[in-house]
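Peer 1: Fold the stuff below for me.
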Amino acid sequence: MKIVIISNALTPHQLPLCDALAERIDEFKFIEAENIDKTALPLGWRETRKRDYVVPYDYLMTHRAEVEKLILSADAVIMGGDRTEFVKNRLDKGLLTFEYSERIYRRFKDYLKIPYHYFKFRKRYKCYSNLHLLCASAFTYSDFRKIGCFANRAYKWGYFINVPDLDIEPTRLQKLQKHKIRILWVARLLELKHPEAAINVAKRLRMQSVDFEMAIYGEGPLYDRILTSIRSEALNDYVTINKPVPNTELMQVMKDYDIFLFTSDKKEGWGVVANEAMANACALIGSSAIGSVPYLVKNNYNGKVYRDGNMAQLEACVFDLINDPEKRIDISINAYKTMHDVWSPQNAAANFIKLVNDLNSKRECAIVQGPGSKAEQLQDDWF
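Peer 2: Numbers count the residues shown, from 1 in each chain. Below you'll find the predicted structure:
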C-alpha cells in the first residue's frame with residue numbers, strides 16, 4: 001500500500017502517526033507544501049528533516065511532475081488544508097482522497113462567513129464523492145455539514161502522541177498512597193485557555209480546607225494577571241506558576257499529579273495536552289467545547305467533562321475526584337488504557353489502513369471506535 005500526506009510542513013505532533021504509517025506500509029511519503037525554515041525553529045521541528053519519507057518543499061518545486069505522479073499513484077492521499085492544486089487530477093479521476101481539518105467555526109463572527117463558505121467550500125468539495133473528511137476536532141463534521149459538505153463521509157481523527165509503557169499496578173499503588181491532592185494546569189496563558197478557572201478552583205478548595213497543591217505551567221499575555229490573582233487571593237501556599245518546560249519533562253510531571261484541568265473554550269482546536277495527561281494516568285477534567293474531549297473522554301470512565309464555562313460543574317468534578325480516591329484512580333488508569341490501546345499512533349495507523357481498504361473496496365467503514373470510525377454531528381452551542 002502507498003499513502004501520501006501533503007501539508008504545510010511535518011511538525012513534531014505529526015511525527016508519531018507518520019512514523020507508525022511508515023512502519024506498516026510499502027511506501028509512505030509526507031510532502032511539505034510550504035517553505036518553512038526549520039533551522040530557526042525549536043529542535044523538535046529541525047529533527048523532522050531526518051525522516052527519509054519527507055519530501056521537502058524545495059524538492060516539490062524542482063520535481064513537480066514527479067511528485068504529482070507520486071500523488072496520483074497512491075492508494076490514499078491525506079491533504080492538510082486546501083491542497084487541491086496538487087490533488088485535482090487525483091480527485092477528477094475518482095481516487096480516494098482525505099481532507100484533514102480542525103473545526104472551521106470557533107468564534108461567533110466565523111458564522112457570519114457561512115453564506116460565503118456555502119459557495120466556496122461546496123465548489124471545492126461538493127462534486128467529489130471520493131473526497132472524505134478526517135476530523136481533527138469532534139466539531140469538524142458539524143461545521144462542514146452546516147455548508148452541506150461531506151455527508152456520511154467523515155471519520156474521527158485527531159493528533160496522536162507516543163504513549164509511554166506504564167506498569168499499571170505500581171502506578172495504581174503509587175496513586176493510592178496518601179498525600180495532598182496535586183492538581184495540574186498546563187497551557188499558554190491566553191484568554192481562550194481560561195487559566196482564571198484554575199484559580200477559581202483553588203480558591204474554592206482553600207475555602208473548603210482541602211489539603212492540595214496546584215501547579216500552573218505556562219507563559220503568555222495573562223501571566224501577570226494570574227500571578228497577581230494568586231497573590232491577592234492569598235493562594236501563594238497552594239498555587240505555583242512555572243515557566244514552560246520541555247515536553248519530556250512535562251510528561252514526567254504529569255505522572256506525579258492526580259488531576260489535570262483542561263479549561264479551554266471552543267477556540268481550542270484539538271488540544272494535544274489532553275492526550276498527554278491521559279497517557280500519563282493523570283485524571284482529566286475537560287471542557288465540553290474542546291475539540292479532543294468528546295472523542296477521547298467518556299464521562300466518569302476515563303475522565304470527567306463539564307459544560308464549557310460552567311464553573312459550578314467544574315468545581316463539582318474536582319470535588320468528586322478528591323472525595324473518591326478509588327474512582328479517581330480508576331479514571332486515571334482507564335485514561336491511560338484509552339490512549340495506549342485506542343488513541344495511540346500505532347492504532348490510528350492500523351485503523352487508517354483498514355479504512356482505506358474498506359473505502360477502496362466500496363465497503364462501509366468497519367471501525368467501530370476510535371480513530372477512523374464514523375464521525376457524528378455534535379450540537380453546537382451557538383445554535
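Peer 1: Sketch out the low-pLDDT regions of the chain for me.
Peer 2: Along the chain, the parts satisfying pLDDT under 70 run over 38-49, 380-383.
Peer 1: what do you get if the cut-off is 80, keeping everything else the same?
Peer 2: For the chain, the stretches with pLDDT under 80 are 36-50, 81-82, 119-127, 173-179, 379-383.
Peer 1: Please, where are all the helices along the stretch 101-250 of the chain?
Peer 2: For the stretch 101-250 of the chain, applying DSSP state H, counting those that start in this stretch gives helices covering 114-121, 140-145, 168-176, 195-207, 223-232, 247-255.
Peer 1: Packing partners of the last one?
Peer 2: Spelled out, it's helix 247-255. strand 181-186, strand 212-217, helix 272-279 (3 or more CB pairs under 8 Å, 6 or more residues apart in numbering; DSSP states H and E). From N, CA and C alone the C-beta is placed, and that goes for glycine too.
Peer 1: Show me which positions of it end up buried.
Peer 2: Using 16 or more other CB atoms under 10 Å as the test for burial, helix 247-255 gives Leu250, Met251, Val253, Met254, Lys255.
Peer 1: Give me the residue at the spatial middle of this structure.
Peer 2: Nearest to the geometric centre of the chain sits Trp270, at 3.7 Å (CA atoms, centre = their mean).
Peer 1: how about that one, what does it touch?
Peer 2: Glu102, Ala136, Ser137, Gly158, Tyr159, Ile290, Gly291, Ser292 (CB atoms under 8 Å, 6 or more residues apart in numbering).
Peer 1: at 6 Å instead, please
Peer 2: Ala136, Ser137, Gly158, Tyr159, Gly291, Ser292 (CB atoms under 6 Å, 6 or more residues apart in numbering).
Peer 1: Would you tell me which one of those comes nearest to Asp82?
Peer 2: Among the contacts of Trp270, Ala136 lies closest to Asp82 (CB to CB), at 14.7 Å.
Peer 1: what's the burial count for the nearest residue to the closest one once chain neighbours are set aside?
Peer 2: Nearest non-adjacent residue to Ala136, counting by CB to CB, 6 or more residues apart in numbering: Glu102, 4.6 Å away. Neighbourhood size, Glu102 [other CB atoms under 10 Å]: 20.
Peer 1: Would you mind measuring from Glu102 to Thr171?
Peer 2: 32 Å (CB to CB, to the nearest Å).
Peer 1: repeat for Leu250
Peer 2: 18 Å.
Peer 1: ok, and the nearest residue to Ile168 once chain neighbours are set aside, which helix or strand is that part of?
Peer 2: Spatial nearest neighbour of Ile168, chain neighbours left out: Ile333 (6.1 Å); criterion: CB to CB, 6+ apart. Assessed by DSSP states H and E, Ile333 sits inside helix 325-341.
Peer 1: chain center to that helix: distance?
Peer 2: Centroid separation between helix 325-341 and its chain, computed with CA atoms, centre = their mean, to the nearest Å, is 18 Å.
Peer 1: what's the angle from it to strand 181-186?
Peer 2: 40 degrees (axes from the mean of the first three to the mean of the last three CA atoms, to 10 degrees).
Peer 1: Which elements pack onto the helix or strand following helix 325-341?
Peer 2: As assigned by DSSP H and E, the chain's next helix or strand after helix 325-341 is helix 345-360. Contact partners of helix 345-360 among helices and strands, from 3 or more CB pairs under 6 Å, 6 or more residues apart in numbering; DSSP states H and E: helix 15-24.
Peer 1: residues of the helix it packs on that come out buried?
Peer 2: Using 16+ other CB under 10 Å as the test for burial, helix 15-24 gives Leu15, Pro16, Leu17, Cys18, Asp19, Ala20, Leu21, Ala22.
Peer 1: Could you do stretch 165-178 as well?
Peer 2: Using 16+ other CB under 10 Å as the test for burial, stretch 165-178 gives Leu166, Thr171, Arg172, Lys175.
Peer 1: nearest to Pro325, of those?
Peer 2: For the buried residues of stretch 165-178, the minimum distance to Pro325 (CB to CB) is 8.0 Å, reached by Lys175.
Peer 1: mind checking how far the residue nearest to the centre of the chain is from Tyr159?
Peer 2: 5 Å.
Peer 1: what does Val87 give?
Peer 2: 22 Å.
Peer 1: Could you do Ile71 as well?
Peer 2: For Ile71, the distance to Tyr159 - CB to CB - is 23 Å.
Peer 1: Okay, strands next: where are they in the stretch 1-150 of the chain?
Peer 2: With DSSP state E, counting those that start in this stretch as the criterion, the stretch 1-150 of the chain has strands at 2-7, 27-32, 54-55, 76-80, 97-101, 131-135.
Peer 1: Now the helices of the stretch 101-250 of the chain in a markdown table, please, with extra columns for distance to Asn323.
Peer 2: Listed next are the helices of the stretch 101-250 of the chain as a markdown table, based on distance: least, CB to CB, whole Å:
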| stretch | distance to Asn323 |
| --- | --- |
| helix 114-121 | 45 |
| helix 140-145 | 35 |
| helix 168-176 | 15 |
| helix 195-207 | 12 |
| helix 223-232 | 25 |
| helix 247-255 | 22 |
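Peer 1: mind checking which of these is nearest Lys50?
Peer 2: Among the helices of the stretch 101-250 of the chain, helix 247-255 comes nearest to Lys50, with 17.9 Å by CB to CB.
Peer 1: what element comes up after that closest one heading to the C-terminus?
Peer 2: Using DSSP H and E, the helix or strand that follows helix 247-255 in sequence is strand 259-262.
Peer 1: Could you list every helix and strand that that following strand packs against?
Peer 2: strand 181-186, strand 283-287.
Peer 1: Ala138: what's it in contact with?
Peer 2: Contacts of Ala138 by CB under 6 Å, 6+ apart are Gly291, Pro294, Tyr295, Leu378.
Peer 1: One more: Leu72?
Peer 2: Contact partners of Leu72, counting by CB under 6 Å, 6+ apart, are Asn89, Arg90.
Peer 1: rerun that using 10 Å as the cut-off
Peer 2: Leu72 makes contact with Val4, Val87, Asn89, Arg90, Lys93, Leu95 under the criterion CB atoms under 10 Å, 6 or more residues apart in numbering.
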